[in-house]
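**Q** Test case, fold it:
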Amino acid sequence: MLTIPWLVLESTGSVAAAGLVAAISSVPGALASPLAGWGVDRLGRRFVSIASDIASAISVAAFPITAWLFGLSLPAIITLAVIGAVFDPAGYTGRKALIADVARESNFDTDRLNGIHEGIFAIGWTLGPLFAAVLIASIGAINAFWVPFALFTTAALLIGVLRVRDSGQAARLAALDAGEEQSGFWSQAVLGVRVIWNDVPLRALTIAILVLAAVYLPTEAVILPAYFEGLDMPWGLGIVIAALAGGSVVGSFAYGWLSARMRRLTLARLVLAGTIVSIVPLSLLPPLPIMIIAAFVLGLAWGPMNPLLTTIVQRRVAPDAQGRVFGVQLSIFYAAPPVAMLFTGLAVERFGLQPTYFGLAALLVTTGLIVFFVRSIHRIDD
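**A** The predicted structure follows:
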């Protein structure tokens, strides 16, 4: 996320080129995620996770190797970034599908493990750019790529020594033994779309999270940076972003505790209510102390949503289709935020910062209230 744009800026000095690389490299993730989900269900969760991490390790090592052998031009950086972005969704999808298997074989509560998984992911998402900045400053952008190479390799080794039964493969083989016919490749590949669309509660929550992401991420990447840059207050931006991230980590880790004490419907409504309550004052761009509190509450409300959605997929979707459902959801979440950030930037230039943010908040509030009261969401506890 940080090292590739930095490398582009070092090589070209062009902010537009850095933005171009970031935009182009987001496309493969959106396109590859549904196929990654098919691979997880067809080839196995562990196999896809390991193979993807090995391929990702090679793709990041290609940056310093190419720089050493030939030098890095902008086309070379774009090519390597796109290749690397193809593999990442498969590894993430495979590991996410493994959560239920690990919970079962270790006799661990699945809801709690979902929360731990998302909490650790949120910590990595928060600390990763900071770690990258330290590496760039100390050993340089090119040499920094050797660290994710080592981390991808470690991830592959850890999943390699994991010994759990793949419930997706077990279900697929049971269906074959029962003589159930397998449809064609395309029908199998788009199964995740059909499952999400036909399961009304799952569809409603997927749409809700899509809108949440389309507001939450432009808040971090566009709205707040533009606001604090105008105030010449970078430290204020850092505090508010830290509050968002901290709330998200706490909310994710709290999911297991919350899920043991309330129905999933109650928790979903609590998440939506917390998001609505916090986004409205934040969208008014109030004084900094109020912004910090609202940002923390927004992150706190956002935190349980991803593990909640993971739990619902695990409980409502057949094991041999979960990879494809996770893949479709990941594809949506890859595609929506960059599009939202693009339109947010254009809207800020056209209408101004305050009206744009208030419009985003209104969209989120409207979606949240619709999902909050829709009758079909009651079935998520079935």
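
**Q** Need the three-state assignment for Asp111.
**A** helix (DSSP: H, G, I helix; E, B strand; the rest coil).

**Q** which residue ranges form the helices in the stretch 1-150 of the chain?
**A** All helices of the stretch 1-150 of the chain, identified by DSSP state H, counting those that start in this stretch, fall at 3-12, 15-43, 45-69, 74-105, 110-139, 141-144, 146-160.

**Q** Any chance of CSV for those, columns distance to Tyr255?
**A** To be clear about C-beta, it is placed using only N, CA and C from the backbone, and glycine gets the same treatment. Below are the helices of the stretch 1-150 of the chain laid out as CSV (distance: least, CB to CB, whole Å):
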stretch, distance to Tyr255
helix 3-12, 31
helix 15-43, 23
helix 45-69, 22
helix 74-105, 12
helix 110-139, 3
helix 141-144, 33
helix 146-160, 23
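
**Q** so where is the stretch 251-382 of the chain shaky, pLDDT-wise?
**A** Counting by pLDDT under 70, the stretch 251-382 of the chain shows low-confidence ranges at 338.

**Q** all helices of it, in order?
**A** For the stretch 251-382 of the chain, applying DSSP H, counting those that start in this stretch gives helices covering 264-283, 288-302, 305-316, 322-351, 353-373.

**Q** Indicate which one of the ones you listed is closest to Gly238.
**A** Gly238 lies closest to helix 288-302 among these, at 10.9 Å (CB to CB).

**Q** what packs against that closest one?
**A** Contact here means 3 or more CB pairs under 8 Å, 6 or more residues apart in numbering; DSSP states H and E; on that basis helix 288-302 packs against helix 200-218, helix 234-259, helix 264-283.

**Q** what about dumping the CA coordinates of the last one to PDB?
**A** By that I understand helix 264-283. This file holds the C-alpha atoms of helix 264-283, laid out as PDB (Å, rounded to 0.1, in the frame of the first residue of the first chain):
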ATOM      1  CA  ARG A 264     -26.900 -11.800  16.000                       C
ATOM      2  CA  LEU A 265     -29.900  -9.600  15.000                       C
ATOM      3  CA  THR A 266     -29.400  -7.500  18.100                       C
ATOM      4  CA  LEU A 267     -25.700  -7.200  17.400                       C
ATOM      5  CA  ALA A 268     -26.300  -6.200  13.800                       C
ATOM      6  CA  ARG A 269     -28.700  -3.500  14.800                       C
ATOM      7  CA  LEU A 270     -26.300  -2.300  17.500                       C
ATOM      8  CA  VAL A 271     -23.500  -2.000  14.800                       C
ATOM      9  CA  LEU A 272     -25.800  -0.100  12.500                       C
ATOM     10  CA  ALA A 273     -27.100   2.200  15.300                       C
ATOM     11  CA  GLY A 274     -23.500   2.900  16.400                       C
ATOM     12  CA  THR A 275     -22.500   3.800  12.900                       C
ATOM     13  CA  ILE A 276     -25.400   6.100  12.300                       C
ATOM     14  CA  VAL A 277     -25.000   7.800  15.700                       C
ATOM     15  CA  SER A 278     -21.300   8.500  15.100                       C
ATOM     16  CA  ILE A 279     -21.200   9.400  11.400                       C
ATOM     17  CA  VAL A 280     -23.700  12.300  11.700                       C
ATOM     18  CA  PRO A 281     -21.600  14.400  14.100                       C
ATOM     19  CA  LEU A 282     -18.400  13.400  12.400                       C
ATOM     20  CA  SER A 283     -19.800  14.600   9.000                       C
END
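
**Q** neighbouring contacts of it?
**A** The set of residues external to helix 264-283 that reach it, using CB atoms under 8 Å, 6 or more residues apart in numbering, is 205, 208, 212, 215, 219, 255, 258-259, 262, 290-291, 294-295, 297-298, 300-302, 304-305, 308, 311-312, 357-358, 360-361, 364-365, 368-369, 371-372, 377-378, 380-381.

**Q** Relative to Val280, how far out is Phe343?
**A** Going from Phe343 to Val280 by CB to CB, to the nearest Å gives 21 Å.
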